[in-house]
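Asker: Kindly return the folded structure for what I paste below:
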Amino acid sequence: MMMSHEDLVTDDDGVVQHAGNPAIEQRRLEAGEAIVPRADRAVIEITGPERRSWLDSITSQAVASLQPGESTELLVLDPQGHVEHAAAVVDDGSALWLIVDAGDAAPLAKWLTMMRFRAQAEIRVRDDLSVVGAMRGGDAFDRIVGAAVRTGEVPAVWADPWAQVSAGGWQYADAAEHPGVDFAWAEAIVESTDGLADLPIAGALAADALRVAAWRPRWAAEVDEKSIPHESDWLRTAVHLNKGCYRGQETVAKVHNLGRPPRRLVMLHLDGSESVLPARGDVVLDGDKDVGAITSAARHHELGPIALAIVTRRTPADASLVVVSGDTRIAASQETIVPADAGRTADVPRLTRLSRRKQATDPRA
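Answerer: Predicted coordinates:
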């Protein structure tokens, strides 16, 4: 399903990359004037009276008491605590909707089906539905809400919880003003985009630039076979530290309470004199030492070329790094997201701790 637009540029998977000018698209997206067709997303529908309690028992997030219209996100971990799947979650009162990266829909649905046992829950991938994104607070958001699927009490619209620490979560980033507080992203599950054809379109390049600037991790980008939630500050919204037992919980608790994540997420401000933008997987060097890799990179309309990277915990926070992209070496300065001493026992300023407690009282604010 594709909306007509003469300037749309898509990749081989049909994902709209831009509509002519990514910088202008970013500004329109921030202003709530544009929508993003998400062909890189897929939808899983879960129905049945035990859908919430069952999903609560096997994932990182507390969803048993999720009310119609409430949004959250969850992770599926392996027994060692590594991230295997991630999903945006919203319940409309009749069905629980999961929005996932397109390449993960079939594997996640298969795993959920295997874990259902006798639970009264039915899982199916909804290939007939699409996902459209927009920033909350503008006309574009109002329009996608109007177009969203509604099988229960409320439309199936996921409001990204990244703007603040969710109940039961924990923030490692020790930033006076976390850039995520202004990231008012939302995604609607729709049957048709015919009623949205008159809205300006922003592509994946614009959406990703705003995500990277907000330090927001994504499964298809920041996750590899070694990833644990702590290293990308994902305890902030995707993990409930006080819920019951689930696979991988022992690692989550142990690293948070006693240890330090072996790697950490950083934001890189890249030297703009080079026209090359790094690709996912490009090596990050501290001097001659390989200390990590790029996970996401983008050109932000205000910040310029930026990137997220996973680096070793021992990488000095003040180190001047270099990104190797093909034959090009790009100088990069760090902005710390996850500190090297991240964990419950880290010395965090009291004011930040108080702010976290206040934020955690209302996960939907």
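
Asker: show me where the stretch 1-150 of the chain has helices.
Answerer: For the stretch 1-150 of the chain, the helices defined by DSSP state H, counting those that start in this stretch cover 22-30, 51-58, 105-114, 139-147.

Asker: Does anything pack onto the third one? Which helices or strands?
Answerer: Under the contact criterion of 3 or more Cβ pairs under 8 Å, 6 or more residues apart in numbering; DSSP states H and E, helix 105-114 touches strand 41-47, strand 83-91, strand 122-125. From N, CA and C alone the C-beta is placed, and that goes for glycine too.

Asker: pLDDT at the one residue sitting closest to the centre of the chain, what is it?
Answerer: With distances taken as Cα atoms, centre = their mean, the residue of the chain nearest its centroid is Arg218 (3.8 Å). Predicted confidence (pLDDT) for Arg218: 96.

Asker: Relative to Thr295, how far out is it?
Answerer: 9 Å (Cβ to Cβ, to the nearest Å).

Asker: and if you look at Ala188?
Answerer: Distance from Ala188 to Thr295, counting by Cβ to Cβ: 26 Å.

Asker: same question, Gly81
Answerer: The gap separating Gly81 from Thr295 is 19 Å, by Cβ to Cβ.

Asker: again with Val276
Answerer: Relative to Thr295, and taking Cβ to Cβ, Val276 is found at 17 Å.

Asker: more crowded one of the two?
Answerer: Thr295 (25 against 16; other Cβ atoms under 10 Å).

Asker: give the contact list for that one.
Answerer: Thr295 is in contact with Ala221, Glu222, Leu265, Arg280, Ala307, Leu308, Ala309, Ile310, counting by Cβ atoms under 8 Å, 6 or more residues apart in numbering.

Asker: Take these and keep only those in strands.
Answerer: Secondary structure from DSSP state E places Leu265, Ala307, Leu308, Ala309, Ile310 of the contacts of Thr295 in strands.

Asker: Any chance of a markdown table for the residues you listed, columns pLDDT?
Answerer: Formatted as a markdown table, the ones in strands among the contacts of Thr295 follow (pLDDT from 0 to 100):
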| residue | pLDDT |
| --- | --- |
| Leu265 | 98 |
| Ala307 | 98 |
| Leu308 | 98 |
| Ala309 | 98 |
| Ile310 | 98 |
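
Asker: To what extent is Gly146 buried, counted in neighbours?
Answerer: 14.

Asker: what sits against it?
Answerer: So Gly146 contacts Pro155, Gly195 (Cβ under 8 Å, 6+ apart).

Asker: and it, how far is that from Leu199?
Answerer: 12 Å.

Asker: now do Val283
Answerer: With Cβ to Cβ as the criterion, Val283 and Leu199 are 40 Å apart.
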